[in-house]
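Sequence first, then the predicted structure, then my questions.
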Amino acid sequence: MTDITSQTEAALAAIAAAASLDTLEAERLETLGKKGWVSLALKTLGGMSPDERTAAAPAIQSARAAIAEALDAKKAALEAAALEEQLARETIDLTLPALPLPKGSVHPVSQVMDELAEIFADLGFAVATGPEIEDDWHNFTALNMDETHPARAMHDTFYFPDKTTASSNEAVGQQEIGKDILLRTHTSPVQIRSMLDQGAPIRIIAPGRVYRSDSDATHTPMFHQVEGLVIDKDIHLGHLKWTLETFFKAFFEREDIVLRLRPSYFPFTEPSVEVDVGYSNEGGRRVVGGHGDAPGHAWMEIGGSGMVNARVLEFAGIDPAAWQGFAFGLGIDRIAMLKYGMNDLRAFFDGDPRWLAHYGFSPFDQPTLSAGVGARA
Ligand code: FA5
């Protein structure tokens, strides 16, 4: 009796202490298994007299019941713990990006083009496009630069071989540089195409690639401009200045932007003004903001602009007596360098993945006015 009680207590303690299902199974075999001491004790009841059996049976039966119940409870607890542990171990975080991790990123020029489009869309401008392979008439003549105009020389134009010369029998083998077809030297021909297509009024920007035979740290043979054109009634230079100032404040995400409009000359605008922005030098980096004449500050040219020349309106089929407007052309690469602190324009086109990894933008980070156009991942 005492034996069974102490054996039962020992078995219950061992069951309580079992740390794994294997240990628990070993304990079950030792007690309730075929050769376990509880089973063997039950078997002895058969050889006893009725009186002996009546006396011994209750202790053995209750030992068996207590041990069976403890084994069941412990088994359930160990299985639940094992499941918990497995669930914790095999957790899948569905918020993680799919593997392999994305390597591509948005080039700063593309990012700045998206930023431009977002800001100008808010000011009511639509995006217009034109061909990069342009003809002489749209690129020069219709912009008030006839064949002998000296301003053509400033554009360092890439011309295609002249069609008529190249195809004539006498000229085979001695192709000359022609004057008909060229790589557009600025985005201004999109002004002409947009006016011819849609007439007045008009409010567009035209971002895109342009080409000039030019190369150093701040000039590349291919670069990007954004053209702006507004044609309406009673438009004046004040509208131009407000539009550019509002754009630059949103683009550089600061209120202290100061622009200087410097008298200049473009054949397609009259009057013409060059646009300079005030900046300071901080730790070798140009930081836009403040008045360019303030101590420690200077002015930097970022584009040309002016009131559209009446002759250009005539070329584009718009009556200059009824309509007028302004136009501007900004260097996108220049304003990208200023905003994101790059100092060599040539690195933009090296195709070096390390440069892109450093300056690139997440494709998921679309510029929006509410979230900040220049938000970086
Ligand atoms: C023009 O191209 C005019 N079409 C701008 C314009 C448009 C004036 C509408 C009036 C009305 P310009 O050649 O100055 O102007 O070029 C404009 C801007 O392009 C420059 O201020 C500069 O930011 C950028 N730029 C010019 N050449 C290069 C180059 N080789 N590399 C990078 N950026 C350049």
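In hand now; what should we look at?

Report the contact partners of Gly104.
Counting by CB atoms under 8 Å, 6 or more residues apart in numbering, Gly104 makes contact with Pro363. (C-beta placed from N, C-alpha, C; glycine too.)

and the gap between it and Leu338?
When CB to CB, to the nearest Å is applied, the distance between Gly104 and Leu338 equals 25 Å.

From the rest of the structure, what touches stretch 368-376?
Contacts to stretch 368-376, defined as CB under 8 Å, 6+ apart, come from residues 111, 115, 118-119, 122, 250-251, 253, 339, 361-362, 365, 367.

try it again with 6 Å
115, 118, 122, 365, 367 (CB atoms under 6 Å, 6 or more residues apart in numbering).

And for stretch 118-127?
117, 203-205, 247, 250, 367, 369, 373.

Likewise for stretch 34-48?
With contacts defined as CB under 6 Å, 6+ apart, stretch 34-48 is touched by 30-32, 53, 57, 60, 63-64.

Just the buried ones among the residues you listed, please.
By neighbour count, with 16 or more other CB atoms under 10 Å, these hold 31-32, 60, 63-64 as buried.

any chance of these in JSON lines, plus secondary structure, pLDDT and distance to Thr187?
Output for these, formatted as JSON lines (DSSP: H, G, I helix; E, B strand; the rest coil; pLDDT from 0 to 100; distance: CB to CB, whole Å):
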{"residue": "Thr31", "secondary structure": "helix", "pLDDT": "95", "distance to Thr187": "90"}
{"residue": "Leu32", "secondary structure": "coil", "pLDDT": "93", "distance to Thr187": "90"}
{"residue": "Ile60", "secondary structure": "helix", "pLDDT": "91", "distance to Thr187": "100"}
{"residue": "Ala63", "secondary structure": "helix", "pLDDT": "92", "distance to Thr187": "96"}
{"residue": "Arg64", "secondary structure": "helix", "pLDDT": "93", "distance to Thr187": "94"}
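
Format these as CSV; extra columns: distance to the ligand.
Output for these, formatted as CSV (distance: CB to the nearest ligand atom, whole Å):
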residue, distance to the ligand
Thr31, 88
Leu32, 88
Ile60, 99
Ala63, 94
Arg64, 93
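
Out of the residues you listed, the closest to Ser49 would be?
Proximity of the buried ones among the contacts of stretch 34-48 to Ser49 (CB to CB) peaks at Ile60, which lies at 15.6 Å.

what's around Glu90, how many residues?
Glu90: 7 surrounding residues under other CB atoms under 10 Å.

Next up, phi/psi of it, please.
Taking degrees, to the nearest 10, you get phi -100, psi 20 for the backbone angles of Glu90.

if I look at it, how far off is Asn343?
Glu90 sits 50 Å away from Asn343, taking CB to CB as the criterion.

List the buried residues for stretch 223-242?
Applying a neighbour-count criterion of 16+ other CB under 10 Å, the buried positions in stretch 223-242 are 223-231, 235, 240-241.

per-residue confidence averaged over it?
Averaging pLDDT along stretch 223-242 gives 96.

Could you tell me which residues of the stretch 201-350 of the chain lie near the ligand?
The stretch 201-350 of the chain has residues 212, 214, 219-220, 223, 225, 227, 266, 269, 301-306, 327-329, 331, 333-334, 345 near the ligand, with proximity defined as CB under 6 Å from any ligand atom.

try 5 Å this time
Counting by CB under 5 Å from any ligand atom, the residues of the stretch 201-350 of the chain close to the ligand are 214, 219-220, 223, 266, 269, 303-305, 327, 329, 331, 334.

Which ones among the residues you listed map onto helices?
Residues from these lying in helices, with DSSP state H as the criterion: Arg334.

Identify the farthest-apart pair in the contacts of stretch 34-48.
For the contacts of stretch 34-48, and using CB to CB, no pair is farther apart than Glu30 and Arg53, which are 24.3 Å apart.
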